[in-house]
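1. give me the fold of what follows.
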Amino acid sequence: METPKQIIRSYMTISGLFTLSASLIWGINTLFLLDAGLDIFQTFIANAIFTAAMALFEIPTGVLADTRGRRVSFLLSVIIIMIGTLGYVGVSWFDGGLLWFGVMSVVLGLGYTFYSGAVEAWVVDALKEAKYEGILDTVFARSARISGIAMLIGTVGGGLLGSIDLAWPFIARALLLAALFIFSFSFMKDHGFSPRTLELSRIPEEMKKVAKESLKFGWRVKPVRLLMMVSFLQAGFMFWAFYAWQPYFLELLGQNLIWVAGLIAALISVSTIIGNTLVQKFTKYGGRRTTFLLWSSVVFTVTSILVGIVGNFWLAVPLFLLGTTTMGIVGPIKQGYLHKIIPSKQRASVISFDAMVGSGGSVVGQTGLGYLSKTQSIGDGFIVGGISTALVFPILYAVRKLGGEADKIETKQHEKPDAAAGEGTTGVSSEDTSSKKIADLSLSD
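-> Here you go, the predicted structure:
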């Protein structure tokens, strides 16, 4: 059995390599699609197809993660994303147009759904099995910080490679994914989880079971449902904004400098690292998770609206970076909240369900704001999209009013002495305790 330190080290390596490979194209993806012949609306349609595929495949791939294991799910993810990445390059070379970019977007969406929830569920279960004594929020924050550093390297490298040829970052990503597959195959083991045989004929039954459990342990649990609504609204804008800033900022700058896009993407990674670091700094004093979520969301909304209003490159970029800093705070805090409630056996399914809801919001946001970008301007998209994120304020306040243990951030000095009992000391709730919380928080059927 691996020690908690070894498990965390493997988790950090996997997260870092995955983000490094993915981030190589983050600063130039929209520019790549525009260069391949798509207009701005078609670009957002291709991206919306990607997120729609993620929403469609979340439950089926969640079945695999909760039956055959998180390791199998992640390894499939790496292979499929590699195929979709090289497929994008092929479509651009042969002028395949929106149709074939859409097909490859479906492949990529499928690949990412095998990833979402699986690695998180793997590390939480493995740490629980290894009797980890620590706070999950800090593990996620540290992972996010390492991923931010990887993103910094990846986006700068992708911008430099893209300055030579916009296809090179995609090819480099595929090579890194191959290396990640080899590492994960060797070091990622399903500790704290017992895989089950999955027969083809039982897939519909298992999908129904997962969907039912996702509703029972996810949507029907009031705080989880409310946080999923937050995911829908924030992802609806943020997914669009992440692709929209590339042409928007270069337009404000007045020069089509690809390396500048790579540099801004790198600064985004720095901002998220700062946000992740703030989580570790502030949570050691305890407090309530909803306090961090509310204030971060207010700043995110205000800065997003101002990005569309100011119309100046040197003002818009810092405002956008301040907004992405707050998202570096929201992610780990929200993860910590959810994992305090969700039972182990349903962990991957419910996290995937939350990702599916976020993907649904992304489809709506990218389609609507993409059309607005074409008919009006990308700046108007930031204003309208930023205003829409204000809808999360009353939702988060409702979560805060519910209170409960999940809203409290444990600190070392507040831990209970009965560590041997496995309750109140690890930051990883026991399954019995989680099930009781579900029973207390669930609405009647």
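2. using CSV, list the CA coordinates for stretch 363-370.
-> In CSV, the C-alpha atoms belonging to stretch 363-370 read as follows (Å, rounded to 0.1, in the frame of the first residue of the first chain):
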residue,chain,number,x,y,z
VAL,A,363,-23.1,25.1,-24.5
VAL,A,364,-25.7,27.8,-23.8
GLY,A,365,-23.1,30.4,-23.1
GLN,A,366,-20.9,29.8,-26.1
THR,A,367,-23.8,29.6,-28.5
GLY,A,368,-25.6,32.7,-27.2
LEU,A,369,-22.5,34.8,-26.5
GLY,A,370,-20.9,33.6,-29.7
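3. what's that stretch in contact with?
-> 40-41, 43-45, 47-48, 51-52, 55, 235-237, 239-240, 243-244, 381, 384-385, 388 (Cβ atoms under 8 Å, 6 or more residues apart in numbering). (Each C-beta comes from the backbone N, C-alpha and C, glycine too.)
4. just stretch 179-188 next, same as before
-> 10, 13-14, 17-18, 21, 70-71, 74-75, 78-79, 82, 122.
5. and it, what's buried?
-> 180, 181, 184, 187, 188 (16 or more other Cβ atoms under 10 Å).
6. please save the CA atoms from it in PDB.
-> Only the C-alpha atoms of stretch 179-188 are listed here, as PDB (Å, rounded to 0.1, in the frame of the first residue of the first chain):
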ATOM      1  CA  ALA A 179       4.400  10.400 -22.000                       C
ATOM      2  CA  LEU A 180       1.500  10.900 -19.500                       C
ATOM      3  CA  PHE A 181       0.000   7.500 -20.500                       C
ATOM      4  CA  ILE A 182       3.200   5.700 -19.700                       C
ATOM      5  CA  PHE A 183       3.500   7.400 -16.300                       C
ATOM      6  CA  SER A 184      -0.100   6.800 -15.300                       C
ATOM      7  CA  PHE A 185      -0.100   3.200 -16.500                       C
ATOM      8  CA  SER A 186       2.900   2.600 -14.100                       C
ATOM      9  CA  PHE A 187       2.000   4.600 -11.000                       C
ATOM     10  CA  MET A 188      -1.800   5.100 -10.900                       C
END
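7. just give me how far that stretch sits from the chain centre.
-> 21 Å (Cα atoms, centre = their mean, to the nearest Å).
8. next one: stretch 8-23
-> The answer for stretch 8-23 is 13 Å, by Cα atoms, centre = their mean.
9. for stretch 243-256, same thing?
-> From the chain centre to the centre of stretch 243-256 is a distance of 24 Å (Cα atoms, centre = their mean).
10. for the record, mean pLDDT for stretch 18-36?
-> Averaged over stretch 18-36, pLDDT sits at 91.
11. can you measure across it, start residue to end residue?
-> Criterion Cα to Cα, to the nearest Å; first-to-last residue distance in stretch 18-36 is 26 Å.
12. what is the strand or helix carrying residue 58 packed up against?
-> Using DSSP states H and E, the element containing residue 58 is helix 40-67. The helices and strands touching helix 40-67, judged by 3 or more Cβ pairs under 8 Å, 6 or more residues apart in numbering; DSSP states H and E, are helix 29-35, helix 70-93, helix 97-115, helix 203-214, helix 222-253, helix 347-375.
13. and residue 75, how many neighbours does it have?
-> 18 (other Cβ atoms under 10 Å).
14. for the closest residue to residue 248 other than its chain neighbours, give me its contacts.
-> Excluding the flanking residues, the one nearest residue 248 by Cβ to Cβ, 6 or more residues apart in numbering is residue 378, at 4.2 Å. Applying Cβ under 8 Å, 6+ apart, one finds that residue 378 lies in contact with 40, 244, 247, 248, 251, 308.
15. residue 272 contacts residue 148, doesn't it?
-> Yes: counting by Cβ atoms under 8 Å, residue 272 touches residue 148, with 4.6 Å between them.
16. ok, residue 126 to residue 4 distance?
-> From residue 126 over to residue 4 the distance is 8 Å, taken as Cβ to Cβ, to the nearest Å.
17. lowest average confidence across the helices and strands packed on helix 40-67, which one?
-> Minimum mean pLDDT among the helices and strands packed on helix 40-67: helix 203-214, a mean of 68.
18. count of neighbours near residue 278?
-> The burial count for residue 278: 18, using other Cβ under 10 Å.
19. contacting residues around it?
-> Neighbours of residue 278 in contact, by Cβ under 8 Å, 6+ apart: 325, 328, 329.
20. distance between the strand or helix carrying it and the chain's centre?
-> Using DSSP H and E, residue 278 sits in helix 258-283. Here helix 258-283 is found 15 Å from its chain centre; the criterion is Cα atoms, centre = their mean.
21. for stretch 129-136, same thing?
-> Distance, stretch centre to chain centre, for stretch 129-136: 23 Å (Cα atoms, centre = their mean).
22. do the same with stretch 161-171
-> The answer for stretch 161-171 is 24 Å, by Cα atoms, centre = their mean.
23. pull the residues that contact that stretch.
-> So stretch 161-171 is contacted by 24-25, 27-28, 31-32, 35, 85-86, 88-89, 92-93, 157-158, 172, 258-259, 261-262 (Cβ under 8 Å, 6+ apart).
24. change it to 7 Å
-> Stretch 161-171 is contacted from outside by 24-25, 28, 31-32, 35, 85, 88-89, 92, 158, 172, 258-259, 262, using Cβ atoms under 7 Å, 6 or more residues apart in numbering.
25. how about stretch 17-30?
-> 43, 147, 150-151, 153-155, 157-159, 162, 166, 169-170, 172-173, 176-177, 179-180, 183, 243, 246-247, 258, 261-262, 264-265.
26. and it, end to end?
-> When the termini of stretch 17-30 are compared using Cα to Cα, they are 22 Å apart.
27. more crowded one of residue 126 and residue 4?
-> residue 126 (26 against 19).
28. which SS state does the more buried one fall under?
-> helix (DSSP: H, G, I helix; E, B strand; the rest coil).
29. I'd say it and residue 9 touch.
-> No: the criterion here is Cβ atoms under 7 Å, and residue 126 misses it with residue 9 at 11.7 Å.
30. if I look at the residue nearest to residue 248, how far off is residue 390?
-> With distances taken as Cβ to Cβ, residue 378 is found 20 Å from residue 390.
31. again with residue 380
-> From residue 380 to residue 390 the distance is 17 Å (Cβ to Cβ).
32. next: residue 259.
-> 35 Å.
33. low-scoring stretches of the stretch 251-400 of the chain, by residue?
-> 284-286, 344-349, 352 (pLDDT under 70).
34. ok, now with 90
-> Residue ranges of the stretch 251-400 of the chain with pLDDT under 90: 254-259, 261-263, 265-266, 268-296, 311, 327-363, 397-400.
35. residue 318: neighbour count?
-> When neighbours are counted by other Cβ under 10 Å, residue 318 registers 16.
36. does it sit in a helix or strand, and which one?
-> helix 313-339.
37. part of a helix, is residue 256?
-> No: read with three-state DSSP, residue 256 is coil and lies in no helix.
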